[in-house]
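S.K.: here is my input, please return the structure:
(one chain, ligands or ions: 1)
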Amino acid sequence: MQTGKFITIEGAEGVGKSTNIQHIQNWLSARHIPFILTREPGGTELGEQLRELLLHGGQIADKTELLLMFAARAQHLEEKIKPALAAGTWVICDRFTDSTFAYQGGGRQLNLQWLNALENLVQETLQPDITFLLDAPVEVGMARAKSRNGRSDRIEAESMAFFERVRAGFLQRAALHPARFRIINAAEPLPLVQAEIDNVLVGLCPTV
Ligand code: T5A
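M.R.: Below you'll find the predicted structure:
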């Protein structure tokens, strides 16, 4: 049986992930493609509890943060992502392991060998089919994030230098995995961003 496609959406704060995930949902629904939408950290009951601690809890040591991200991911894969893909359902995931490389690897400057080892442990050979990287200058994302009245979190309180390293971390991952990544210039007006996303989606299922 055909497995579903695994699509991840990545990028720094405020670049437009939620906005464009809504667009991807509409695109798939219009073509009657079965999908689930999920997110990291989170996606399961345990993962959402870990998300609350990670984003809104008290002080967390950097290594603890790294391990909790992967703990949530291990549960997410076993409980939700792998069963959906096996059933032929597409999985649209708001952030995945590339965020760990960008934030804990780039932002927190943790040893990338530890991240590689955890990725291998938790994912084995599973990787997304396509990763959209919404890329924009840090100031653009920050200004957009501030323009919304959401609940701010522990990681959003980091410095500009931290978010510059996060952006560089994403671009480094994209350079290492060019077949999987599609880098989208998220500083462009939304219709242009979404036209680029549509082109990639059409390429994933040319018969619909
Ligand atoms: N994290 C996560 C780690 O540290 N390690 C990990 O392993 C993982 C998985 C999660 C946090 O956890 C960290 C990273 C994060 O700090 P989150 O809620 O998933 O947090 O992520 P946020 O980045 O906080 O998400 P945001 O909701 O802030 O940003 P979005 O979803 O990227 O942005 P969005 O779509 O809400 O857009 C922001 C505003 O910009 C406008 C939108 O209309 C909206 O008002 N906009 C545009 N305006 C003009 N032109 C465009 N092209 C636009 N696109 C969007």
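
S.K.: number of nearby residues for the nearest residue to Phe170 once chain neighbours are set aside?
M.R.: For Phe170, ignoring the flanking residues on the chain, the nearest one in space by Cβ to Cβ, 6 or more residues apart in numbering is Ala102 at 4.5 Å. C-beta here means a position set from N, CA and C on the backbone, and glycine is covered the same way. By the measure other Cβ atoms under 10 Å, the count of residues near Ala102 is 25.

S.K.: for Ala102, give me its contacts.
M.R.: Residues near Ala102 by Cβ atoms under 8 Å, 6 or more residues apart in numbering: 10, 12, 166-167, 169-170, 173.

S.K.: how near is it to Val138?
M.R.: 12 Å (Cβ to Cβ, to the nearest Å).

S.K.: does Glu158 count as helix, strand or coil?
M.R.: Following DSSP: H, G, I helix; E, B strand; the rest coil, we place Glu158 in the coil state.

S.K.: residues touching it, list them.
M.R.: Applying Cβ under 8 Å, 6+ apart, the residues contacting Glu158 are Gly107.

S.K.: again, 10 Å this time
M.R.: Shown in contact with Glu158 (Cβ atoms under 10 Å, 6 or more residues apart in numbering): 13, 103, 107-108, 165-166.

S.K.: now the common contact residues for Ala102 and Val138.
M.R.: 12, 163, 165-167.

S.K.: among these, which two are most distant?
M.R.: Ala12 and Arg165 (10.0 Å; Cβ to Cβ).

S.K.: tell me, what's touching these two both at once?
M.R.: Counting by Cβ under 10 Å, 6+ apart, the residues touching both Ala12 and Arg165 are 102-103, 106-107, 138.

S.K.: burial measure for His76, as a count.
M.R.: His76, neighbours per other Cβ under 10 Å, totals 25.

S.K.: and it, backbone torsions?
M.R.: phi -60, psi -40 (degrees, to the nearest 10).
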